[in-house]
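Novice: predicted coordinates and the sequence they were generated for:
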Amino acid sequence: MSEPGDCGKLQLINPSTKFCLTIPRCPSLCPHKACSAALAFDSWTKQYKVVHVVTDSYGFEIFNLCGGDDEHWERIPGPWEDLNDRPFDPLKFFWKDPVSINRRLLHWHVDSTKYFISMQVEEEKFSRISLPEGAKVISKTNGYALIDLGGFFSFINCNLEIKMDVWILEDFRGRVENNSE
């Protein structure tokens, strides 16, 4: 996906075929400077979707790529019912592109020591997934990463020079395998 600056539209580009699809301008009229976007697959409808996080106060937007006249943007609620529950300052925090697992699950770090935000693409709903108990030592200066490790969402935290914790989310219900080295 690319963000062609001046026109405010998102583009999907297939580098192997050089096919480019420009998505219609999103309803939020986002300038695409501090947002997050991801391409995901809905295995129920067999369609691709563009998930766009503008700001959590506006909500999130999903564009269904169904290949016909029914392609449209849809606004869905964000993960916080009360915006005061956000773990970050919305004026300083910028959403980053999510970690995509098998193109069906999207995960974002949201500057929290307690949870991250996940989305199951088929359901178009967001949830908070709690970090393991040991993850409470996370701070903004520690080295951490959200990654796809063998098809599983993983959280890596380096809280000491000699220790690295790796948590692997085995399923979306939150069972976690913890490996420390």
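Specialist: Yep, it's here.

Novice: ok, then the element right after the strand or helix carrying residue 106?
Specialist: Per DSSP states H and E, residue 106 falls inside strand 105-108. Using DSSP H and E, the helix or strand that follows strand 105-108 in sequence is strand 115-120.

Novice: so for the strand holding residue 106, mean pLDDT?
Specialist: Mean pLDDT, computed over strand 105-108, is 85.

Novice: check stretch 20-32 too.
Specialist: Stretch 20-32 comes out at a mean pLDDT of 82.

Novice: then that stretch to PDB, C-alphas only?
Specialist: The C-alpha coordinates for stretch 20-32 follow below in PDB (Å, rounded to 0.1, in the frame of the first residue of the first chain):
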ATOM      1  CA  CYS A  20      -2.100  -0.400  -9.100                       C
ATOM      2  CA  LEU A  21      -5.500   0.200  -7.700                       C
ATOM      3  CA  THR A  22      -6.400   3.600  -6.300                       C
ATOM      4  CA  ILE A  23      -8.900   3.400  -3.400                       C
ATOM      5  CA  PRO A  24     -11.600   6.100  -3.300                       C
ATOM      6  CA  ARG A  25     -10.900   8.900  -0.800                       C
ATOM      7  CA  CYS A  26     -11.900   7.800   2.700                       C
ATOM      8  CA  PRO A  27     -14.800   9.500   4.500                       C
ATOM      9  CA  SER A  28     -12.600  10.900   7.200                       C
ATOM     10  CA  LEU A  29     -10.700  12.900   4.600                       C
ATOM     11  CA  CYS A  30      -7.500  11.800   6.300                       C
ATOM     12  CA  PRO A  31      -4.300  13.300   4.800                       C
ATOM     13  CA  HIS A  32      -2.500  10.000   5.500                       C
END
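
Novice: got the buried residues for it?
Specialist: 23, 26, 27, 28, 30, 32 (16 or more other Cβ atoms under 10 Å). C-beta: built from backbone N, CA, C; applies to glycine.

Novice: please apply the same query to stretch 32-46.
Specialist: In stretch 32-46, counting by 16+ other Cβ under 10 Å, buried: 32, 35, 36, 37, 38, 39, 40, 41, 42.

Novice: now intersect those residues with the strands, please.
Specialist: 36, 37, 38, 39, 40, 41, 42 (DSSP state E).

Novice: grab the most central residue of this structure for me.
Specialist: residue 98 (3.1 Å; Cα atoms, centre = their mean).

Novice: in contact with it, which residues?
Specialist: For residue 98, the contact set (Cβ atoms under 8 Å, 6 or more residues apart in numbering) comprises 36, 38, 51, 106, 107, 108, 119.

Novice: which of those count as buried?
Specialist: Counted by 16+ other Cβ under 10 Å, the contacts of residue 98 give 36, 38, 51, 106, 107, 108, 119 as buried.

Novice: in JSON lines, list those along with distance to residue 69.
Specialist: Output for those, formatted as JSON lines (distance: Cβ to Cβ, whole Å):
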{"residue": "36", "distance to residue 69": "28"}
{"residue": "38", "distance to residue 69": "24"}
{"residue": "51", "distance to residue 69": "22"}
{"residue": "106", "distance to residue 69": "27"}
{"residue": "107", "distance to residue 69": "32"}
{"residue": "108", "distance to residue 69": "32"}
{"residue": "119", "distance to residue 69": "26"}
